[in-house]
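Q: 3D model of this:
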Amino acid sequence: MNNEDEFYDAVTGLDSDESFEGVSEASFKDSLVFDGRSQKNNGSVAQENGIKKHRTSLPSAMFSRNTVSIWSILKKCIGLELSKITMPIAFNEPLSFLQRITEYMDHTYLINKACSLPNSIERMQTIAAFAVSAVASQWDRTGKPFNPLLGETFELTREDQGFRLISEQVSHHPPVSAFHAESLVGDFVFHGSIYPKLKFWGKSVEAEPKGTITLELLKHNEAYTWSNPYCCVHNIILGKLWIEQYGTVEIVNHSTGDKCVLNFKPCGMFGKELHRVEGYIQDKSKKKHCVIYGKWTECMWSVDPQAYEAHKKSERRGDNKKQKNEEQEGAENDDADDMPDAQETVSVVPGSTLLWRIDSRPAQSAEMYNFTHFAMSLNELEPGMEAILAPTDCRFRPDIRAMENGRMEEASKEKERLEEKQRASRKERAKNEEEWTTRWFQMGTNPYTNSQGWLYSGGYFDRKYQDLPEIY
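A: Presented below is the predicted three-dimensional model:
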């Protein structure tokens, strides 16, 4: 087995390239059939995919990772890109990467709110909150999702939240996952094609986000694009695993010229900036209208720039003495990058407006891969769904299903079998000089960024699944 046949374990990062006109036309030519049961009802509605009430836990608690040595695998990979390194299944979580990226839609209510706002600056505030909330599910999520098989799909219809989504693994080398979500009432389209890059730095693994995300608010004829911050998992070898996100995220409204610049701050030497996000919104004339601040693990606020600066000056005067004491007490630790102690919650500036606050997680979340309520529901499969879903849907993957049920040995064997089956299929196509053909997405150009990506070509929800590959 050579490295070219190994599989990619993705963590995060989104890249989006779909057109406003073309995507919208493809989206809504799919049939939409709903009855009176599709009204919002606290998540307990009868849905197209057969689920009436979503589960709140997994069938089995997570497997201990303490007995697996990751150092034996990664010690030769320092500074290298990890796209072809296979990890033991104990370091996975029982979701496909296609399901993991669907967690962006956990806070769809923020998109719906933005659609209802008449002012472009207010819409940008809400979209900024959505962009931050979309990475909040990664807090304490140190398990890697399963790499999707070529041709694998995932669909999700949430009538209680007002959207449906389809995603497909469109490439294996390099690994690319394409997704397309749309409002059930025609208010928005949200899409992308994803290609994250991972690097191992001795104590940590860093995920570099590739490309941009596109959100189109059809009612306002607006399109927003942005990219994700970097994500780093610390203490891969020794110590307690912990996550930080850092880097600059720039959200652009291509219709009005408004821009939001968000700085996801690295934790720093004493952890004062851990999880903090700070930025501003300006119009096309570069006038700053508000400051956005908070934590991606907690909440986001908006306030007048002058009020924020006055508050920061007051804070800095009080912090100078405290920092001197911390510097005297600080000590180095060469064995592990200890997670800094949690700082006080966000200090709210008087006059601020709350944009978003994180939801509490299920009581048993820590024993179940630190899943959110939304994540708990993504792989559930009820009898009525089997006749509706495409046979390539990752809910049918036997390795993920076995891991979810706590059968780790079976999950590991099934994962190996599926990988070998995909390798054999690839070699057979090469022998016959055949090219892989995607089913639901095609390559195209994003008119806002002029970058290439995979665009939804329509038709998935017509439920015509003949001639799909048998990948499981």
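Q: For the most centrally placed residue in the chain, which residues are in contact?
A: Geometric centre of the chain, nearest residue: residue 101, 3.9 Å, by Cα atoms, centre = their mean. Going by Cβ atoms under 8 Å, 6 or more residues apart in numbering, residue 101 touches 14, 167, 177, 179, 194. For glycine as for every other residue, the C-beta is placed from the backbone atoms N, C-alpha and C.
Q: go with 6 Å
A: Counting by Cβ atoms under 6 Å, 6 or more residues apart in numbering, residue 101 touches residue 179.
Q: and it, helix, strand or coil?
A: Of the three states, residue 101 takes helix under DSSP: H, G, I helix; E, B strand; the rest coil.
Q: do the same with residue 464
A: coil.
Q: count of residues packed around it?
A: 10 (other Cβ atoms under 10 Å).
Q: where do the helices sit along the chain?
A: With DSSP state H as the criterion, the chain has helices at 20-28, 71-74, 97-102, 108-116, 120-133, 305-329, 373-377, 398-404, 408-431.
Q: deepest of those helices, which one?
A: helix 97-102 (a mean of 26; mean count of other Cβ atoms under 10 Å).
Q: how about that helix as CSV, C-alpha atoms only?
A: Extracted in CSV, the C-alpha atoms of helix 97-102 (Å, rounded to 0.1, in the frame of the first residue of the first chain):
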residue,chain,number,x,y,z
PHE,A,97,-16.9,15.0,7.2
LEU,A,98,-20.0,15.7,5.0
GLN,A,99,-22.1,15.6,8.2
ARG,A,100,-19.5,17.7,10.1
ILE,A,101,-19.7,20.5,7.6
THR,A,102,-23.5,20.4,7.8
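Q: Off-centre distance for it?
A: Average the C-alpha atoms of helix 97-102, do the same for its chain, and the two points are 7 Å apart (Cα atoms, centre = their mean, to the nearest Å).
Q: What separation do you get for residue 312 and residue 351?
A: From residue 312 across to residue 351, the span is 14 Å (Cβ to Cβ, to the nearest Å).
Q: can you check residue 164 too?
A: In terms of Cβ to Cβ, residue 164 sits 39 Å off from residue 351.
Q: the more surrounded of the two?
A: The neighbour comparison of residue 164 against residue 351 (other Cβ under 10 Å) goes to residue 164, with 24 against 12.
Q: Which parts of stretch 389-398 count as buried, going by neighbours?
A: Buried residues in stretch 389-398, counted by 16 or more other Cβ atoms under 10 Å: 389-390, 392-398.
Q: what residues are up against residue 176?
A: The neighbours of residue 176, taking Cβ under 6 Å, 6+ apart as the test, are 170, 193, 195.
Q: ok, what's across the strand from it?
A: In this entry, residue 176 is beta-bridged to residue 171, by DSSP bridges.
Q: can you give me the strands in the stretch 1-150 of the chain?
A: 92-96, 144-146 (DSSP state E, counting those that start in this stretch).
Q: what's the neighbour count on the closest residue to residue 365 other than its chain neighbours?
A: Nearest-residue entry for residue 365: residue 371, 5.8 Å, with adjacent residues in sequence omitted and distances by Cβ to Cβ, 6 or more residues apart in numbering. Residues near residue 371, counting by other Cβ under 10 Å, number 28.
Q: same check, this time on residue 268
A: With other Cβ under 10 Å as criterion, residue 268 counts 11.
Q: that older thread, take the contacts of residue 176 and lay them out in a markdown table including distance to residue 441.
A: Below are the contacts of residue 176 laid out as a markdown table (distance: Cβ to Cβ, whole Å):
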| residue | distance to residue 441 |
| --- | --- |
| 170 | 5 |
| 193 | 8 |
| 195 | 14 |
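Q: picking that back up, now the residue nearest to residue 365: how far from residue 143?
A: From residue 371 to residue 143 the distance is 9 Å (Cβ to Cβ).
Q: again, but for residue 267
A: For residue 267, the distance to residue 143 - Cβ to Cβ - is 21 Å.
Q: Next: residue 397.
A: Distance of residue 397 to residue 143, computed by Cβ to Cβ: 16 Å.
Q: Also residue 408?
A: Residue 408 is 13 Å from residue 143, by Cβ to Cβ.
Q: ditto for residue 358
A: In terms of Cβ to Cβ, residue 358 sits 19 Å off from residue 143.
Q: So between those two, which is more surrounded?
A: The neighbour comparison of residue 358 against residue 143 (other Cβ under 10 Å) goes to residue 143, with 22 against 19.
Q: Spit out the contact partners of that one.
A: Contacts for residue 143 were tallied using Cβ under 6 Å, 6+ apart; they are 92-93, 369.
Q: what about 7 Å?
A: 91-93, 369 (Cβ atoms under 7 Å, 6 or more residues apart in numbering).
Q: tell me the pLDDT at it?
A: Predicted confidence (pLDDT) for residue 143: 82.
Q: Grab the longest strand from this structure for me.
A: Using DSSP state E to define each element, the chain has its longest strand at strand 242-253.
Q: In the stretch 1-150 of the chain, where is pLDDT below threshold?
A: 1-52, 65-87 (pLDDT under 70).
Q: same deal with the stretch 351-472 of the chain?
A: In the stretch 351-472 of the chain, no residues with pLDDT under 70.
Q: returning to that earlier point: okay, the helices of the chain in JSON lines with distance to residue 464 next?
A: Below are these laid out as JSON lines (distance: least, Cβ to Cβ, whole Å):
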{"stretch": "helix 20-28", "distance to residue 464": "15"}
{"stretch": "helix 71-74", "distance to residue 464": "43"}
{"stretch": "helix 97-102", "distance to residue 464": "20"}
{"stretch": "helix 108-116", "distance to residue 464": "27"}
{"stretch": "helix 120-133", "distance to residue 464": "33"}
{"stretch": "helix 305-329", "distance to residue 464": "53"}
{"stretch": "helix 373-377", "distance to residue 464": "27"}
{"stretch": "helix 398-404", "distance to residue 464": "25"}
{"stretch": "helix 408-431", "distance to residue 464": "23"}
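Q: Just give the nearest non-adjacent residue to residue 456, would you?
A: Closest to residue 456 by Cβ to Cβ, 6+ apart is residue 180, at 3.6 Å.
Q: what's the answer for residue 194, then?
A: Nearest-residue entry for residue 194: residue 177, 4.5 Å, with adjacent residues in sequence omitted and distances by Cβ to Cβ, 6+ apart.
Q: While we're on the one you found, how confident is the model there?
A: With respect to pLDDT, residue 177 scores 92.
Q: And residue 198, by the same measure?
A: Confidence score, pLDDT, at residue 198: 72.
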